[in-house]
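Student: what follows is a protein structure lacking sequence information:
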Ligand code: MYA
């Protein structure tokens, strides 16, 4: 799908206040690492994740999403009564019902004619939310849309550590739960708008999506436990990424050297380096936040984008490729002209 009249008006990223290092987590599970003969600093060494952020206790996904949304609305300088839809894309949620979107809608005091709903698609949902918003804007259904995401990894990390300390934790189960220790917390929000209302906005050109749902079993998560076949997920994820990139080259006219920055879903060092090799991306054009933030699910792409902008790696007029992927497997790639 390509868009002619959609822009990103503002983008906000919130880093939770508490830093948790991979060494601290490894120290907590030391007895199990020793019992299973696993090297003490495996987590940091193979994932490249040095630390991640977590919220204070009792901070809900909606709290992070609300903080990010307040900042995005302020940066956009719009009256919140003009927002026609809010889409929450978090994997983490306050409750099974009601939706997290309706809690954020209530916190923000958005108008009663502002649509509010969650979109769930694992780590890919923020890009899906952007696409849904863009379609609504292009069709003149809404003038402004707010996409939010708040992820809270603390509870799953603690529950995983606790299970890993049980005497019955064997190597196979350890490997299946290992990816849970790479997760991090954070929140993001984006205002998208009709281009004629915000001519100085950053043009959202369009996106493509491909799926490989025969692999829906490779990473399955609950609130307190995630089971992942890390090796197969990496292999099949890369195949799907290559296929989606090919589709983006055809649909959006991408030529790898003509794109200025690649903002990719942040999983680990192995995933990032493998993707750069596969697609022949210049490492200078890929901003990595996983070393300091871990895998923040759907918030990865918007937070990495915000950080790259903040650091001056993305300038006005740059062609930016957003490369998202999520368990399922689903992969979307989109272009923004910053
Ligand atoms: S789901 C979240 C998925 N996240 C992860 O899988 C993160 C953790 N995984 C990793 O960092 C890599 O996959 C690893 C494999 C490093 C595991 N448990 O050479 P290797 C040991 C314990 O075989 P690699 C999501 O985000 C192994 O024994 N230990 O490793 C959804 C050895 O140790 P030693 C393990 O295959 C979307 C060492 O590591 C495990 O190269 C994601 C090296 O072994 C384990 N499970 O890496 C879709 N595995 O040296 C995928 C290995 O002591 C996306 N070891 O013998 C792909 C594309 C990315 C972006 C695309 C954007 C479009």
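Tutor: Thanks, I have it. Every value quoted in this text rests on a predicted model; they were computed, and no experiment measured them.
Student: burial measure for the residue nearest to residue 315 when sequence neighbours are not counted, as a count.
Tutor: Leaving out its chain neighbours, the residue that sits closest to residue 315 by Cβ to Cβ, 6 or more residues apart in numbering is residue 338, at 6.8 Å. The C-beta positions use only the backbone N, C-alpha and C, and glycine is treated the same way. Counted with other Cβ atoms under 10 Å, residues neighbouring residue 338 total 18.
Student: just residue 68 next, same as before
Tutor: So residue 68, with other Cβ under 10 Å, has 29 neighbours.
Student: and it, what pLDDT?
Tutor: The model reports residue 68 with a pLDDT of 98.
Student: can I assume it sits in a helix?
Tutor: Yes. Assessed by DSSP: H, G, I helix; E, B strand; the rest coil, residue 68 belongs to a helix.
Student: and the nearest residue to it once chain neighbours are set aside, which of the three is it?
Tutor: Among residues not flanking residue 68 along the chain, residue 189 sits closest, at 3.7 Å (Cβ to Cβ, 6+ apart). Classification of residue 189 using three-state DSSP returns strand.
Student: was I right about residue 189 contacting residue 147?
Tutor: Yes. The pair residue 189 / residue 147 is scored as a contact, 6.9 Å apart, by Cβ atoms under 8 Å.
Student: shared neighbours of those two, anything?
Tutor: Applying Cβ atoms under 8 Å, 6 or more residues apart in numbering, one finds that residue 189 and residue 147 are jointly contacted by residue 302.
Student: and the residue nearest to residue 68, how far from the ligand?
Tutor: 21 Å (Cβ to the nearest ligand atom, to the nearest Å).
Student: could you do residue 307 as well?
Tutor: Taking Cβ to the nearest ligand atom as the measure, residue 307 falls 17 Å from the ligand.
Student: how about the contacts made by that residue?
Tutor: Going by Cβ under 8 Å, 6+ apart, residue 307 touches 13, 287, 289.
Student: least confident of those residues?
Tutor: The model is least sure about residue 287 among the contacts of residue 307, giving it 93.
Student: show me the helices in the stretch 201-338 of the chain, by range?
Tutor: With helices called from DSSP state H, counting those that start in this stretch, the stretch 201-338 of the chain shows them at 230-252, 269-279, 290-293, 300-310.
Student: reformat the ones you listed as TSV; add mean pLDDT.
Tutor: Formatted as TSV, the helices of the stretch 201-338 of the chain follow (pLDDT from 0 to 100):
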stretch	mean pLDDT
helix 230-252	98
helix 269-279	97
helix 290-293	98
helix 300-310	98
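Student: pick the most deeply packed of those helices.
Tutor: Comparing the helices of the stretch 201-338 of the chain on average neighbours per residue, with mean count of other Cβ atoms under 10 Å, the densest one is helix 300-310 at a mean of 24.
Student: can you put the helices of the stretch 201-338 of the chain in TSV and add distance to residue 52?
Tutor: Formatted as TSV, those follow (distance: least, Cβ to Cβ, whole Å):
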stretch	distance to residue 52
helix 230-252	17
helix 269-279	14
helix 290-293	6
helix 300-310	11
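Student: if we can go back for a sec, show me which of the contacts of residue 307 is closest to residue 164.
Tutor: Distance to residue 164, by Cβ to Cβ, is smallest for residue 289 among the contacts of residue 307, at 25.7 Å.
Student: can you count the residues close to that closest one?
Tutor: The number of residues packed around residue 289, counting by other Cβ under 10 Å, is 24.
Student: torsion angles phi and psi at it?
Tutor: Main-chain torsions, residue 289, degrees, to the nearest 10: phi -110, psi -10.
Student: OK, contacts around the closest residue to the ligand within the chain?
Tutor: In the chain, the residue that lies nearest the ligand is residue 237 (2.5 Å; Cβ to the nearest ligand atom). Residue 237 makes contacts with 271, 325, 329, 331, as judged by Cβ under 8 Å, 6+ apart.
Student: near the ligand, which residues of this structure?
Tutor: Proximity of the chain to the ligand is confined to 39, 42, 46-47, 123, 175, 178-179, 182, 219, 228, 230-231, 233-234, 237-238, 241, 264-265, 267-268, 270-271, 275, 295, 323, 325-327, 331 under the rule Cβ under 6 Å from any ligand atom.
Student: perfect, I'm done here.
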